[in-house]
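Enquirer: I would like to see how this sequence folds:
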Amino acid sequence: MDNSPMRNTSAASPVESVDRALLLILLMRAAGPVSVKTAAEHLDVAPSTAHRLLSALAFRGFAVQDRERRYRAGPVLSERSAEAISVHVLR
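Expert: Have a look, this model is predicted:
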């Protein structure tokens with residue numbers, strides 16, 4: 001059994017939609033750009049659900065959509081942005 005944090009496990013998260021969004025972030029960082037179909041398959045959800053999650057991530061800068069309509073990690077997740085985030089900003 002694959003227990004890596006990128007795999008969708010049978011253990012239910014207390015906040016399932018947040019958990020799914022986090023899994024998508026991990027997927028984009030590890031695998032690069034992903035399509036809605038790939039995201040849906042990875043999460044075992046309908047494509048419309050995957051699209052809503054990816055759209056929410058894009059809205060907050062955690063993902064961006066490329067010309068091929070795939071999503072990749074956004075500017076919020078870049079190395080330079082991560083350095084600029086302080087505990088004060090997070091609070």
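
Enquirer: Distance check, Gly32 against Val76.
Expert: 17 Å (Cβ to Cβ, to the nearest Å). Every C-beta, even on glycine, is put in place using the N, C-alpha and C of the backbone.

Enquirer: same thing with Ile25?
Expert: From Ile25 to Val76 the distance is 10 Å (Cβ to Cβ).

Enquirer: Over to Val64?
Expert: Computed as Cβ to Cβ, the Val64 to Val76 distance reads 10 Å.

Enquirer: next one: Asp44
Expert: 26 Å.

Enquirer: Between the two, which has more neighbouring residues?
Expert: Val76 (15 against 10; other Cβ atoms under 10 Å).

Enquirer: where does the closest residue to the more buried one other than its chain neighbours land in three-state SS?
Expert: Nearest residue to Val76 in three dimensions, chain neighbours excluded: Gly61, at 4.0 Å (Cβ to Cβ, 6 or more residues apart in numbering). With DSSP: H, G, I helix; E, B strand; the rest coil as the basis, Gly61 sits in coil.

Enquirer: burial of Gly61, as a residue count?
Expert: Neighbour tally, Gly61, other Cβ under 10 Å: 14.

Enquirer: which residues does it contact?
Expert: Counting by Cβ atoms under 8 Å, 6 or more residues apart in numbering, Gly61 makes contact with Gly74, Pro75, Val76.

Enquirer: which residues in this structure form strands?
Expert: Using DSSP state E, the strands of the chain run over 63-65, 71-73.

Enquirer: how distant is the last one from the center of its chain?
Expert: What that stands for is strand 71-73. 8 Å (Cα atoms, centre = their mean, to the nearest Å).
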